[in-house]
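>>> A structural model of the following input is requested.
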Amino acid sequence: MGITKLADLIRSHAPDAISHKNISDYTGKIIALDTSIVMNQFRAATPMVSPLTGLFFRTLTFLEHDIKPVFVFDGKPPEEKSAVLEKRAEALCWKSPNRTGTASTQTRNCQQLLKHMGVPIIQAPGDAEALCARLVREGTVDAVASEDMDTLPFGATTLIRQLNAKKDSEIVEYSLPKLLKTLKIKHKGFVDLCILLGCDYCDKIPGLGPKRALTLIQKHRTIENVVLYVNRKNHPIPMSWRYEQARKIFLDSQQTQAPELVWSEPDEQALVTFLRQAAHAKEERVLNRMKKFLETRQNKREEREKEKAAGSHKQTVMEDFFRVTRKRGKPVEVTDTSSSNKKRPKTK
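Predicted coordinates for the structure are as follows:
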């Protein structure tokens, strides 16, 4: 679900926090992806085809553009998310939601596929979007790619939506520092705003719309103060409202040590064998896509070299693409971050 109507609120009240880009703008960037969101997209778009096939094709497209993807997997969800998980399981006709965080067969297959493709994977202790947000705050990655807007209250300084690898697709990028500056609120106030809008971890105040919620937070700063001034006849406060627990989840996400991030060349033969067995993909189709991948990547690199030689200032990062990137540095405060002072990962 993410945060109810947050994208609409940003478009109307903080449009300067949004930029529209092309996939080529992320060449050389390290992007953390919420894997469950990616897989759910493939299940919805092509229910008769294994999502492993879609993951294979999309990841190759990222690599063609010299984008370094990092796939993050969900762990054990917070207890506060149980009601939302039940609704999702019912909508998807599942017997029950996964409350333990134990990897399913499909999750294990996804991880194995990505290993064959030479891209790093990270197992989050809880929700993947929380870890993705921390990775970008710390400078380990450049941005988070997810359709869920709750990566923003988790503190992701840069959120990318619609990174679906289509040639004509317009990618939408959100800047959290610009958003907070435009709305004139701190990150903690923004978290409270998102709880008022509606999140996965607690109920919301009935009938309280996005514009009214924003006005109340801008004026009163916290939920505790908002409830003192809201008209309880029109907007009754939920019984046993667990907004404090929801706030804690957003602000105090579980810590985990990110592993060393290493990218390597895809193992073509392993991919052919694996996809044939796990996704019933035809060997010829996999081989043809691998051939196209190698040709396209080389052509794009040559084009960038020509642009560079012609005096273009467009950034190119070819020499060290498959070297090691390590996690470093102290977390960056969300309220003080900007594109100019973000800690950059070093390479080895």
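>>> now do the strands in the stretch 151-300 of the chain.
For the stretch 151-300 of the chain, strands defined by DSSP state E, counting those that start in this stretch occupy the ranges 158-161, 171-175, 261-262.
>>> and Ile160, bridged to which residues?
Assessed by DSSP bridges, Ile160 has beta-bridge partners Ala145, Glu173.
>>> packing partners of the top helix by length along the chain?
Across the chain, the longest stretch assigned as helix under DSSP state H is helix 283-309. Secondary-structure packing of helix 283-309 (3 or more CB pairs under 8 Å, 6 or more residues apart in numbering; DSSP states H and E): helix 51-64, helix 268-278. Where you see a C-beta, it was placed from the backbone N, CA and C, and this is true even at glycine.
>>> helix 268-278 and that one, what's the angle between them?
140 degrees (axes from the mean of the first three to the mean of the last three CA atoms, to 10 degrees).
>>> now helix 283-309: average pLDDT?
Mean pLDDT, helix 283-309: 94.
>>> same question, stretch 153-170
On average, stretch 153-170 scores 84.
>>> please enumerate the helices of the chain.
Under the criterion DSSP H, helices of the chain are mapped to 6-13, 35-45, 51-64, 82-91, 105-117, 128-137, 176-183, 187-197, 210-220, 223-229, 243-251, 268-278, 283-309.
>>> so for Met149, which of the ones you listed sits nearest?
Closest approach to Met149 among the helices of the chain (CB to CB): helix 6-13, 4.4 Å.
>>> which of the residues in that closest one are buried?
Within helix 6-13, the residues that count as buried by 16 or more other CB atoms under 10 Å are 6-7, 9-10.
>>> nearest to Phe190 among the residues you listed?
When these are compared against Phe190 (criterion: CB to CB), the nearest one is Leu6, at 9.7 Å.
>>> so how many other residues sit close to Glu307?
13 (other CB atoms under 10 Å).
>>> that older thread, now render the helices and strands packed on helix 283-309 as a markdown table, adding mean pLDDT, distance to Asp127 and mean neighbour count.
Below are those laid out as a markdown table (pLDDT from 0 to 100; distance: least, CB to CB, whole Å; neighbours: other CB atoms under 10 Å):
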| stretch | mean pLDDT | distance to Asp127 | mean neighbour count |
| --- | --- | --- | --- |
| helix 51-64 | 95 | 20 | 21 |
| helix 268-278 | 96 | 26 | 16 |
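>>> which of the helices of the chain is buried the deepest?
Compared across the helices of the chain, helix 128-137 shows the largest average neighbour count, a mean of 27 (mean count of other CB atoms under 10 Å).
>>> distance from that helix to the middle of the chain?
How far helix 128-137 lies from its chain's middle: 8 Å, per CA atoms, centre = their mean, to the nearest Å.
>>> kindly report the same for stretch 229-237.
Worked out by CA atoms, centre = their mean, stretch 229-237 lies 34 Å from the chain centre.
>>> what of stretch 48-63?
Stretch 48-63 has its C-alpha centroid displaced from the chain centroid by 17 Å (CA atoms, centre = their mean).
>>> make 757 the starting number, not 1.
In the new numbering, first residue 757, that becomes stretch 804-819.
>>> one step back: now the helices of the chain in a markdown table, with distance to Ala1014?
As requested, the helices of the chain are exported to a markdown table (distance: least, CB to CB, whole Å):
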| stretch | distance to Ala1014 |
| --- | --- |
| helix 762-769 | 27 |
| helix 791-801 | 15 |
| helix 807-820 | 19 |
| helix 838-847 | 25 |
| helix 861-873 | 16 |
| helix 884-893 | 6 |
| helix 932-939 | 20 |
| helix 943-953 | 21 |
| helix 966-976 | 32 |
| helix 979-985 | 32 |
| helix 999-1007 | 19 |
| helix 1024-1034 | 25 |
| helix 1039-1065 | 26 |
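>>> ok so, going back, ok, of the buried residues of helix 762-769, which one's closest to Glu885?
Nearest to Glu885 among the buried residues of helix 762-769, with distances taken as CB to CB, is Leu762, at 13.2 Å.
>>> need the nearest residue in space to that closest one, chain neighbours excluded.
Excluding its sequence neighbours, the residue lying closest to Leu762 (CB to CB, 6 or more residues apart in numbering) is Met905, at 4.4 Å.
>>> just Ile779 next, same as before
That would be His821: by CB to CB, 6+ apart, it lies 5.7 Å from Ile779.
>>> mind exporting the C-alpha coordinates of stretch 964-979 to CSV?
Written as CSV, here are the backbone C-alpha positions of stretch 964-979 (Å, rounded to 0.1, in the frame of the first residue of the first chain):
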residue,chain,number,x,y,z
LEU,A,964,-8.7,13.5,7.2
GLY,A,965,-7.6,14.3,3.7
PRO,A,966,-4.1,14.9,2.4
LYS,A,967,-4.3,18.8,2.2
ARG,A,968,-5.8,19.1,5.7
ALA,A,969,-3.2,16.6,7.2
LEU,A,970,-0.4,18.7,5.7
THR,A,971,-1.8,21.9,7.0
LEU,A,972,-2.2,20.5,10.5
ILE,A,973,1.4,19.1,10.5
GLN,A,974,2.9,22.4,9.2
LYS,A,975,1.1,24.2,11.9
HIS,A,976,1.3,21.8,14.9
ARG,A,977,4.4,19.7,13.9
THR,A,978,3.4,16.4,15.7
ILE,A,979,0.5,14.0,15.8
